[in-house]
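Q: Quick one, structure for this:
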Amino acid sequence: MLLIYDLMKIVVKIRKITLFILTFVFFIASSFFIHWLEPEVFENPFIGFWYVMTTVTTTGYGDFVPETTLGRIFGLFLYFFGIGLIAIVIGKVVEGFGMYRKLKEEGKLRYKGSGHYVIIGWSSKAQHAMNEILEIDEQGSIVVIDTLPKAPYEHEKLFYINGDATDTHTLERANILDASAVLIFARDNEIDPVSADGKALIIVSTIEGYAVEMERDIYTIVEIIKEKHIPNFKHANVDEFVIADEALSDLMAKAAVHKGSGKLVMKLLGRKNGVDLWKIKKRDAWETYNDAFEALKKVGANLISDRNDFNLFSKLDDSIPDDAELFIICNKETYKKVKQR
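A: Reported below is the predicted structural model:
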């Protein structure tokens, strides 16, 4: 009994992978050994394996029982040592799951998916953007990069990376090269626009440098505090800017002059009214913008622009470029119909 106790102390200290291999070898060897001891009862090693596993898991069906004294002594050894061994293995497995959960929560794991959205800098705006993205893209997933000690938000589609976004190793862990887009947010209640926009510039410059080094394109969207700082980003290759202060001021000004326009814009930006802004590609049957306009109108969608060109109604007879990026307004069901056409 003391020998079994000493063996258990040694087993507990063994590395997981080594323990799993030794456990597998022990069970297989025990299956052949009991078959060798009592070939009349355990006619083949598989029956021996059945007996070993029902013994060490305390199932004990009793359909196969050793008849000799030596066989029963080995059965006792399996009962004491085998049950202890399987308990340790199960404990190691549970410990492994707990460690994985802990490492994931602390942002220390690597993200291996693709087509995801990377959010750098957690804030209330970032959380709202995440919810909007997941509402629009039902198959999407979010990777958040920040320096918080734990994941800032619990969601089945959120993966947290703890690290410095200006470190390429952190970007690699977020698999940023395979991301659909990267969104860089300023902190909540940021009072120093120079510091906030300067930090965003350093981050986006790091991303751009990494993209050039790897010969890949990374779509970046940056929130900046002051519009006058945009020229400082000219070498950073930012795809889109969202201006925090000026956007709100412009919206309020337009609402004051053109009453009701603020509500219209807010409804378009939100998803509560069921209508949203969607991007589609040109169809082969659409030669001109008018062709696209009429075809979309029949299914309940409104064509509003080609990229940032809103003057389509003045050139409906113009040909649509092959690389056009058309934007429409409609609900999700209509958008799905348009995509299937």
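Q: Ile142 is in contact with Ile119, isn't it?
A: Yes. Contact criterion Cβ atoms under 8 Å: Ile142 and Ile119 qualify, at 6.1 Å. In this view, the C-beta of every residue, glycine as well, is placed from N, C-alpha and C.
Q: Now do Tyr312: how many residues are near it, please.
A: Check again: residue 312 is Leu, not Tyr. Neighbour count of Leu312, defined by other Cβ atoms under 10 Å: 19.
Q: Please apply the same query to Pro39.
A: By other Cβ under 10 Å, 11 other residues sit near Pro39.
Q: I'd assumed Leu19 was in contact with Lys92.
A: Yes. Counting by Cβ under 8 Å, Lys92 does reach Leu19; the two are 6.2 Å apart.
Q: hang on, the earlier thing: comparing Ile142 and Ile119, which residue is more hemmed in?
A: Ile119 (26 against 23).
Q: in a helix, that's where that one is, yeah?
A: No. Counting by DSSP: H, G, I helix; E, B strand; the rest coil, Ile119 is not found in a helix; it is strand.
Q: Asp284 and Ile320, how far apart?
A: 11 Å (Cβ to Cβ, to the nearest Å).
Q: The two: which is more packed in?
A: Neighbours per residue (other Cβ under 10 Å) separate Asp284 from Ile320, with Ile320 holding more: 18 against 6.
Q: in the stretch 51-200 of the chain, which spans are helices?
A: Here the stretch 51-200 of the chain has its helices, by DSSP state H, counting those that start in this stretch, at 69-77, 83-105, 124-136, 168-173, 193-214.
Q: Lys279: which of the ones you listed is closest?
A: Closest of those to Lys279 is helix 124-136, at 10.6 Å (criterion: Cβ to Cβ).
Q: list residues touching both of Ile142 and Ile119?
A: Contact criterion Cβ atoms under 8 Å, 6 or more residues apart in numbering; residues shared by Ile142 and Ile119: Met130.
Q: Contacts only, for the residue nearest in space to the middle of the chain.
A: Among the residues of the chain, the one closest to the centroid is Ser141, at 4.2 Å (Cα atoms, centre = their mean). By Cβ under 8 Å, 6+ apart, the contact set of Ser141 is Gly113, Gly115, His116, Tyr117, Lys157, Leu158, Phe159.
Q: Let's see that with 7 Å instead.
A: By Cβ atoms under 7 Å, 6 or more residues apart in numbering, the contact set of Ser141 is Gly113, His116, Lys157, Phe159.
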